[in-house]
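Enquirer: sequence unknown, structure follows:
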Ligand SMILES: [Zn+2]
Ligand SMILES: [Zn+2]
Ligand SMILES: [Zn+2]
Ligand SMILES: [Zn+2]
């Protein structure tokens, strides 16, 4: 059996303390949460940071603080920064890449979210790719819809992403791809054909998390908690 | 063999006279082009209109002129208005629906186009659905990416679209779904499962047009020229 990388997303873009008092918000809280996940076997941390009002932030100071703490408390853990959009200015979403995290998320297209468009215009994606090449950051391709998978392979052909690809299928965000095993299996068969060296994982929103984790194990992917 | 509806898109959103002198721009030219397609057996016309500078327009006067001419020259032909986006203000894209065309296009999500985001935010889609219900216009669901198919079925569940659905798969626009038979077959198997009464057709951009038309015939769909 090949080793499985268990990823931890300590803080997403949405929940606040009032929704869940356990959600880690400050860098110190995020570092301690990550440490606990590391002790429990997680090998990769996906980082979103929050400002003093608990809103999603792009502040390089906050990313740097969490990065430094994780490096110290969790030696060898893979650090991945989010370049995701909710509540963040497009021009700021790549502002922390100069800190050279091991990986960063990269959404290779646009799609609807529950109430707005998750905007990743072609030139914006190209800019993030170039930054990641400059700082030797491996992108995690976030696939919220099918075209994003094919777009990632086009970016490889254009020299903007290096192989092997690592793809994360994100299922169950309202208005993006739903949680359907037939769909995951299809996307995996396409991935195998268009990028045979790729690795992948998948995640299901909220109540679908465990179900999608199980599919990942059954279908040979990595998993995220 | 069931009857096949051959659709004609007389004028798209992009080419101008300088690209192709044969492209019909004025209402009179569009009506005559449609008449020729009707004589050749086309049963449905998909209408974009252009202003005096040949740019995509939302003018109800232009839509009304083409609609009136087609009704007169092509009795029984199904008239479909585009609510598509390129070069048109969102607030104007549904401005001609009060003219009660038989059908109108409806893109049930957002996706990247070659250079920009094709924006169809959730509340905008909902507004178009309500207008189409009011004027008893049947939507043609334009599927540029997989999530749009599932979104259409969600809109049915919310009472915003009436069944049976008619779906158009649009393949080969750069950054949206590519021209791949495996993908079309998968989307059709999903459609059959989530909306068994749906009808469909598919179109491939430019040089892929004939190939996708052939797939449509082989897989039991309608076709567009
Ligand atoms: Zn610690
Ligand atoms: Zn994230
Ligand atoms: Zn005529
Ligand atoms: Zn059109």
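Expert: That came through, no problem. None of these values were measured; they are calculated from a predicted model. Residues are numbered from 1 along each chain as shown, chains lettered A, B, ... in the order given. Ligands and ions are numbered 1, 2, ... in the order given.

Enquirer: Just give me the neighbour total for the residue in chain A positioned nearest to ligand 4.
Expert: With Cβ to the ion as the measure, residue A:147 is the residue of chain A nearest to ligand 4, at 18.2 Å. Quick note: C-beta positions are derived from backbone N, CA and C, even for glycine. Using other Cβ atoms under 10 Å in any protein chain shown, the number of residues around residue A:147 comes to 27.

Enquirer: quick one: contacts for the closest residue to residue A:174 other than its chain neighbours?
Expert: Among residues not flanking residue A:174 along the chain, residue A:114 sits closest, at 4.2 Å (Cβ to Cβ, 6 or more residues apart in numbering or on different chains). Residue A:114 is in contact with A:173-175, B:122, counting by Cβ atoms under 8 Å, 6 or more residues apart in numbering or on different chains.

Enquirer: what about 10 Å?
Expert: A:173-176, B:122 (Cβ atoms under 10 Å, 6 or more residues apart in numbering or on different chains).

Enquirer: Mind checking which of those are buried?
Expert: A:173, A:175-176, B:122 (16 or more other Cβ atoms under 10 Å in any protein chain shown).

Enquirer: out of the residues you listed, which are inside helices?
Expert: Here DSSP state H is the test, and the buried ones among the contacts of residue A:114 give residue B:122 as lying in helices.

Enquirer: How is chain A divided into domains?
Expert: With automatic domain parsing as the criterion, the domains of chain A are listed as A:1-101, A:105-121+A:136-225.

Enquirer: How about chain A: which residue is closest to ligand 2?
Expert: For chain A, Cβ to the ion, closest residue to ligand 2: residue A:82, 4.1 Å.

Enquirer: Check the gap between that residue and residue B:62 for me.
Expert: Here residue A:82 is placed at a distance of 45 Å from residue B:62 (Cβ to Cβ, to the nearest Å).

Enquirer: before we move on, the earlier item: next, the residue of chain A closest to ligand 4: secondary structure please.
Expert: Recorded secondary structure, residue A:147: helix (DSSP: H, G, I helix; E, B strand; the rest coil).

Enquirer: circling back: for the buried ones among the contacts of residue A:114, which one is nearest ligand 1?
Expert: Once Cβ to the ion is applied, the member of those that ends up nearest ligand 1 is residue A:173, at 31.5 Å.

Enquirer: got a list of what residue A:116 touches?
Expert: By Cβ under 10 Å, 6+ apart, the contact set of residue A:116 is A:85-86, A:175, B:110, B:121-123.

Enquirer: ok, which stretches of chain A are strands?
Expert: A:6-9, A:44-47, A:49-50, A:56-57, A:78-81, A:103-107, A:111-112, A:117-118, A:138-143, A:166-171, A:199-204, A:222-224 (DSSP state E).

Enquirer: give me the residue from chain A nearest chain B.
Expert: Going by Cβ to the nearest Cβ, chain B is nearest to residue A:146 of chain A, at 4.0 Å.

Enquirer: tell me, how many neighbours does that residue end up with?
Expert: 29.

Enquirer: ok, for it, nearest residue in space, not its chain neighbours?
Expert: Leaving aside its sequence neighbours, residue A:146 sits nearest to residue B:146 (Cβ to Cβ, 6+ apart; 4.0 Å).

Enquirer: show me what contacts the one you found?
Expert: A:111, A:145-149, A:176-178, A:180, A:183, A:186-187, B:109, B:111, B:169, B:177, B:183, B:186-187, B:190.

Enquirer: out of those residues, who's near ligand 2?
Expert: For ligand 2, no contacts are drawn from the contacts of residue B:146 by Cβ under 5 Å from the ion.
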